[in-house]
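Asks: show me how the following folds:
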Amino acid sequence: MKFTWKKVLLVSILFLAFVVLPIGLLSTGMMEHYQERIDRNPDTDFNKWLQMATADACSKTMRPEMAADYYRRFWERYPKDERRPVAYLHYAVALADSGRNADAIAAFQKYMDDYPEREDRKVAVAGIERIRFVKPAP
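Replies: Below you'll find the model as predicted:
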């Protein structure tokens, strides 16, 4: 198979677009940069979206400590946002994933107390049960 400069360029662009760029944009350094941007002006719609997006990205890339911090910042900073209950529940899950079991149980319990009618309440119940009955005590 003959490689032409066009094929090499195409493969290089695809590699950059689908491997290098996502890794760079989701790096810990970039997450911290995004948080600095949010902290400078937290009340814009974009920064509100970015706060939740960075928390979700940290959660999905197995950085529960950062995710917990970013979810906490969201629900503290935006008390009237409709996504606040979801952010609080994800905060509790991230605490559990971080091994902060006592804090996670308290957060799950607060979630159930504050939002007793939500359907995702069973996630909080399951979170408490998982910590109490599945995870070994240190």
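Asks: all contacts plus neighbour counts: C-alpha atoms, from now on.
Replies: Will do.
Asks: enumerate every residue touching residue 104.
Replies: By CA atoms under 8 Å, 6 or more residues apart in numbering, the contact list for residue 104 reads 92-96, 128.
Asks: with respect to residue 28, which of those residues is nearest?
Replies: Checking the contacts of residue 104 against residue 28 with CA to CA, the nearest one is residue 94 at 16.5 Å.
Asks: could you pick out the longest helix of this protein?
Replies: helix 45-60 (DSSP state H).
Asks: stretch 78-86: which residues count as buried?
Replies: 84-85 (16 or more other CA atoms under 10 Å).
Asks: closest to residue 46 out of the contacts of residue 104?
Replies: For the contacts of residue 104, the nearest to residue 46 is residue 94 (23.4 Å; CA to CA).
Asks: give the contact list for the closest one.
Replies: 59, 64-65, 67-68, 104 are the contacts of residue 94 under CA under 8 Å, 6+ apart.
Asks: where does the chain have low pLDDT?
Replies: Scanning the chain for pLDDT under 70 picks out the ranges 1-2, 16-26, 135-138.
Asks: how about the helices in this protein?
Replies: Using DSSP H, helices in the chain cover 5-15, 21-25, 28-40, 45-60, 64-77, 84-97, 101-114, 121-129.
Asks: give the closest residue to residue 78 in space, chain neighbours not counted.
Replies: Spatial nearest neighbour of residue 78, chain neighbours left out: residue 84 (7.1 Å); criterion: CA to CA, 6 or more residues apart in numbering.
Asks: I should have written residue 66 there, sorry.
Replies: In space, residue 66 is closest to residue 58, 6.2 Å off (CA to CA, 6+ apart).
Asks: what about the one you found, neighbour count?
Replies: 24 (other CA atoms under 10 Å).
Asks: most neighbours among the contacts of residue 104, which one?
Replies: Neighbour tally across these (other CA under 10 Å): the maximum, 29 neighbours, falls on residue 92.
Asks: now for that one: which residues touch it?
Replies: Counting by CA under 8 Å, 6+ apart, residue 92 has contacts 68, 103-105, 107-108.
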